[in-house]
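*Asks:* Dropping a prediction and its sequence here:
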Amino acid sequence: MGRVFITGMGAISAIGDDVAENHTALIQGRCGITVMQRFSSRYSGLLPFGEIHTGTDELKESLKVSDAGVTRTSLLALHAFREAISDAGLTLPEISSSDTALVGATTVGGICLTDELYRDANSKTGSSPFYSSYDCASVNLYLQDHYKLNGMVNTINTACSSSANAIMYGARLIKNGLTRKAIVGGADSLAKFTINGFNALQILSPEVCMPFDQNRKGLNLGEGAAFLILEREEDLAGKKVYAELTGYFNSNDAFHPSSLSEEGDGPFLAMKGALDSARLDYGQIDFINAHGTSTENNDEAESRAMIRLFGEPPPFASTKSNTGHTLGASGALEAAYSILNLEHQEIYAGLNFKQPMATTGLRPVQVYKKIALTHVMSNSFGFGGNCTSLIFSKAC
């Protein structure tokens, strides 16, 4: 099985409307977590969120979309998808080729329009324009129809590891000769369903999140989208190459529906499996973009797993302190950030950290640094213990 490389990226988050803006914000240590201004919720003005500043109507206008039932999730996906294919220089015939796959991830999908669908169900005798958008696969179906895709199309929903698993799945399609190119990533918008659900779990922080801090109070939900273009080594002639995807692994500690085991069995196995698949030694990882949600359980379990695996963990930090937790988009967004680490030979500060956890004593990177990097690990751990680690390596 051949090697897989990244030739294009697209991203939108609370800290930027494209990859370049996200990169600048990361260098500057900018936090995009604020009080919500555009999304209507009972928690607007009460809790901080990583809200994208571009409104839904603005997205429709910039993307030239007029479909009545299109969701904000699909618009964010289309925005990042368009940037990624442009960045990779893919032509419309290449995109619609049966040799190009789309593997997208989402946890919100169309449920951001639940209120609209419910209103129509109670006031109309006919179908609602929001009905077809409600399915979890609606985001990828929309992209498929918009770009007339003829290759394999798949949707993955494994909670917070969703788009990391989409990246892994796309790479495996290429390595097994089932496709030549894979457009992989994920998108999620803020939605009342997820906000209320996470609030019911009592893990939303009343303050801006503090990953790996002793006094962390929970996570901040965010929204975003990111896509990567994966291509075979044989097709790289004359193309810009960002990095190589050298390792990946998915595990499940099956401990609890919304918690990881105390010792971080799932994270430990995911990181170890990724190292084994990349044929790397523990000491060869130069930086870890940690899952780092800032919840009591996750940061403790991930820290314990890193110590179990590495002894003395390499430098690490969580970019969720910049963007909030973007759920199904987080794995792809943080993969893009990991690739930026490699491209620019730099690591970004974990924000808001003050005091290490008494149980582990680990300290995330707290200042922006230029540093020699060859291999970067990106962690994404989801509900139900679904854990995935990816390893990106400097292209050579």
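*Replies:* Everything's here; your move.
*Asks:* got the domain boundaries for this structure?
*Replies:* Residue ranges for the domains of the chain, per automatic domain parsing: 4-235, 249-394.
*Asks:* show me where the protein has strands.
*Replies:* For the chain, strands defined by DSSP state E occupy the ranges 4-12, 34-35, 48-49, 100-105, 153-156, 181-188, 224-232, 243-252, 287-289, 316-317, 346-347, 369-370, 375-381, 386-394.
*Asks:* Measure how buried residue 352 is and give me the count.
*Replies:* By other CB atoms under 10 Å, the residues close to residue 352 number 19. (C-beta placed from N, C-alpha, C; glycine too.)
*Asks:* Spit out the contact partners of it.
*Replies:* Contact partners of residue 352, counting by CB atoms under 8 Å, 6 or more residues apart in numbering, are 31, 208, 209, 210, 211, 213, 321.
*Asks:* now residue 241
*Replies:* Going by CB under 8 Å, 6+ apart, residue 241 touches 5, 6, 7, 395.
*Asks:* count of residues packed around residue 307?
*Replies:* By other CB under 10 Å, the residues close to residue 307 number 18.
*Asks:* cool, residue 20 as well?
*Replies:* Per other CB under 10 Å, the neighbour tally for residue 20 reads 12.
*Asks:* how far away is it from residue 336?
*Replies:* The spacing between residue 20 and residue 336, counted by CB to CB, to the nearest Å, is 11 Å.
*Asks:* Name the nearest residue to residue 81, ignoring sequence neighbours.
*Replies:* Leaving aside its sequence neighbours, residue 81 sits nearest to residue 227 (CB to CB, 6 or more residues apart in numbering; 5.0 Å).
*Asks:* To clarify, my last question referred to residue 14.
*Replies:* Nearest residue to residue 14, sequence neighbours excluded (CB to CB, 6+ apart): residue 32, at 3.0 Å.
*Asks:* can you point me to the longest helix in this structure?
*Replies:* Taking DSSP state H as the criterion, the chain has its longest helix at helix 72-88.
*Asks:* can you tell me the average pLDDT over that helix?
*Replies:* Averaged across helix 72-88, the pLDDT comes to 97.
*Asks:* Report the angle between it and strand 181-188.
*Replies:* Interaxial angle of helix 72-88 relative to strand 181-188 (axes from the mean of the first three to the mean of the last three CA atoms, to 10 degrees): 150 degrees.
*Asks:* what comes up buried for helix 72-88?
*Replies:* 72-85, 87-88 (16 or more other CB atoms under 10 Å).
*Asks:* Between which two of these is the distance greatest?
*Replies:* Greatest spatial distance in these: 72 and 88, 25.0 Å, computed using CB to CB.
*Asks:* wait, doesn't the residue nearest to residue 81 sit right on residue 9?
*Replies:* Yes: Residue 227 lies in contact with residue 9 (CB atoms under 8 Å); the separation is 7.3 Å.
*Asks:* Between those two, which is the more surrounded one?
*Replies:* Neighbour totals were compared for residue 227 and residue 9, and residue 227 leads with 36 against 27 (other CB under 10 Å).
*Asks:* Can you lay out the contacts of residue 241 as JSON lines showing neighbour count, distance to residue 96 and pLDDT?
*Replies:* Below are the contacts of residue 241 laid out as JSON lines (neighbours: other CB atoms under 10 Å; distance: CB to CB, whole Å; pLDDT from 0 to 100):
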{"residue": "5", "neighbour count": "23", "distance to residue 96": "22", "pLDDT": "98"}
{"residue": "6", "neighbour count": "27", "distance to residue 96": "21", "pLDDT": "98"}
{"residue": "7", "neighbour count": "22", "distance to residue 96": "18", "pLDDT": "98"}
{"residue": "395", "neighbour count": "17", "distance to residue 96": "27", "pLDDT": "91"}
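*Asks:* And for residue 277, the neighbour number?
*Replies:* Here the number of neighbours of residue 277 (other CB under 10 Å) works out to 16.
*Asks:* Please apply the same query to the one 10 residues further on.
*Replies:* Summarising burial for residue 287: neighbours were counted as other CB under 10 Å, giving 24.
*Asks:* Poorly predicted segments of the stretch 51-200 of the chain, please.
*Replies:* 112-122, 124-126, 128-134 (pLDDT under 70).
*Asks:* quick one, helices of it?
*Replies:* Assigned helices in the stretch 51-200 of the chain, in chain order: 56-63, 72-88, 92-96, 114-123, 138-147, 162-175, 192-200 (criterion: DSSP state H, counting those that start in this stretch).
*Asks:* just how off-centre is the first one within its chain?
*Replies:* What that stands for is helix 56-63. 22 Å (CA atoms, centre = their mean, to the nearest Å).
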